[in-house]
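Novice: After the sequence you'll find the predicted model.
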Amino acid sequence: MSVVSLTDVGTFGPKITDLGIPLECLQMRAGALPLKGMIRLRSYLSRAAPDVIQSWMYHANLLAVLTSRLRGSPIPVIWNIRHSLDNLNAETPGTRRIIRAGEMLSGLAAGIVYNSARSRQQHEQMGYRAAHGHTIPNGFELSDTSRDMTTRTQIRQTLEIPLNAPVIGRIGRFHKMKDYGTFLKAAALVNRSCPEAHFLLCGRDVAMDNHELRAMLQEQAVTNLHLLGERSDVPQLLAAMDIACSSSAFGEGFPNVLGEAMAAGLPCVTTDVGDSARIVGDTGLVTPPRDAPALAEALGKLLQMTVAQRAELGQRARSRVEQYYSLPGVVNTYQDL
């Protein structure tokens, strides 16, 4: 096994190499013509001689299948699509072009893996080759971190959050797809009915040095707000939360944050994008995208529950992950394919 990055080592490169897995970086620039990338990838494939290529997301899918076809003996390529098309017009023009190109070239892939049923349906309706489609959800480990009261206490003390205060968490990078604007509007509404609630936000660029985010905060009077930026201790942060929230407006296939939070025993409130509603089932609440009052109302309903009631809902969420989205089961499905 080896991994090829279109760009550089990024955040996860060191973790991959620490596992003893070779990592090749193509050093492509965003928006650059793929010719150099194809030449570098073709050279690498000649050296590595893989039996199969699994490409990950639109740009890599196209690069892998085109490069494979340029070889004298093509290598089977399995695409992986992790994006829904709830609002194609909200995508950048470049992304829309790549998605359309994928539609035309999807017949060249040996298989297409979608991490959500809605994503598969949307792409196949667009014209992606239906006969090649497979749906494999994301998988999660069931950690006991969420039950660790020592971790919960330490995180709260570090962030100066009272031990008995309800904490709502929003995890995800700052991107228009994640719709932090709607979340902050909902948080301001929650403040009015539950002033003791705290809001714990983390992800890339989710920090006060983000000028766009700071402008949003100037419009919304949200108290007890904790902006932590990108963190590597998400399981520990989940232990400090009582409710997890996903406010995404479009584009999500299978939001990892939902599976991670549910595996940690947290009830979730999510917008209805991708497979979010299917994931939480009856263990959480679902609202329309870009509807701050509805999101605030759903969060309020969970806040009005007793601690025991929320814990029971969180345990059902954890059991749902164990039944449908356990990591060993997902790994076995990939291996079978």
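Specialist: Sure thing, it's come through. Residues are numbered from 1 along each chain as shown.
Novice: next SSE after the host helix or strand of Arg100?
Specialist: In the assignment (DSSP states H and E), Arg100 maps to helix 93-105. Using DSSP H and E, the next helix or strand after helix 93-105 towards the C-terminus is strand 111-114.
Novice: Please list the residues outside that next one that contact it.
Specialist: For strand 111-114, the surrounding residues in contact (C-beta atoms under 8 Å, 6 or more residues apart in numbering) are 54, 76, 78-82, 106, 120, 123, 128-129, 132-136, 253, 334, 337. Any C-beta I mention is one placed from the backbone N, CA and C, and that applies to glycine too.
Novice: try 7 Å
Specialist: 78-81, 106, 120, 123, 128-129, 132-136, 253, 337 (C-beta atoms under 7 Å, 6 or more residues apart in numbering).
Novice: follow-up on the earlier one: helices or strands next to the helix holding Arg100 in the packing?
Specialist: helix 58-70 (3 or more C-beta pairs under 7 Å, 6 or more residues apart in numbering; DSSP states H and E).
Novice: ok, now with 10 Å
Specialist: Using 3 or more C-beta pairs under 10 Å, 6 or more residues apart in numbering; DSSP states H and E, the elements in contact with helix 93-105 are helix 58-70, strand 77-81, helix 117-126.
Novice: Now the buried members of the contacts of strand 111-114.
Specialist: 78-81, 106, 120, 123, 128-129, 132-136, 253 (16 or more other C-beta atoms under 10 Å).
Novice: shouldn't Val234 be in contact with Ala261?
Specialist: Yes. Between Val234 and Ala261 there is a contact under C-beta atoms under 10 Å: 9.4 Å.
Novice: Now do the same contact list for the residue nearest to Tyr128 when sequence neighbours are not counted.
Specialist: Nearest residue to Tyr128 in three dimensions, chain neighbours excluded: Ser106, at 4.4 Å (C-beta to C-beta, 6 or more residues apart in numbering). Contact analysis of Ser106 by C-beta atoms under 10 Å, 6 or more residues apart in numbering lists 61-62, 65, 79, 81, 112, 123-124, 126-133.
Novice: so which of the residues you listed comes closest to Asp272?
Specialist: His123 (18.4 Å; C-beta to C-beta).
Novice: and the helices and strands packed on helix 93-105, which one's lowest on average pLDDT?
Specialist: If these are sorted by mean pLDDT, helix 58-70 sits at the bottom with a mean of 92.
Novice: May I have that one exported as CSV, CA atoms only?
Specialist: Extracted C-alpha coordinates of helix 58-70, given in CSV (Å, rounded to 0.1, in the frame of the first residue of the first chain):
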residue,chain,number,x,y,z
TYR,A,58,-13.2,14.8,-7.7
HIS,A,59,-9.8,16.1,-8.7
ALA,A,60,-8.0,13.0,-7.8
ASN,A,61,-10.6,10.8,-9.5
LEU,A,62,-10.1,12.5,-12.8
LEU,A,63,-6.3,12.6,-12.5
ALA,A,64,-6.1,8.9,-11.6
VAL,A,65,-8.4,7.6,-14.3
LEU,A,66,-6.8,9.7,-17.1
THR,A,67,-3.3,8.8,-16.0
SER,A,68,-4.2,5.2,-15.8
ARG,A,69,-5.6,5.3,-19.4
LEU,A,70,-2.4,6.8,-20.7
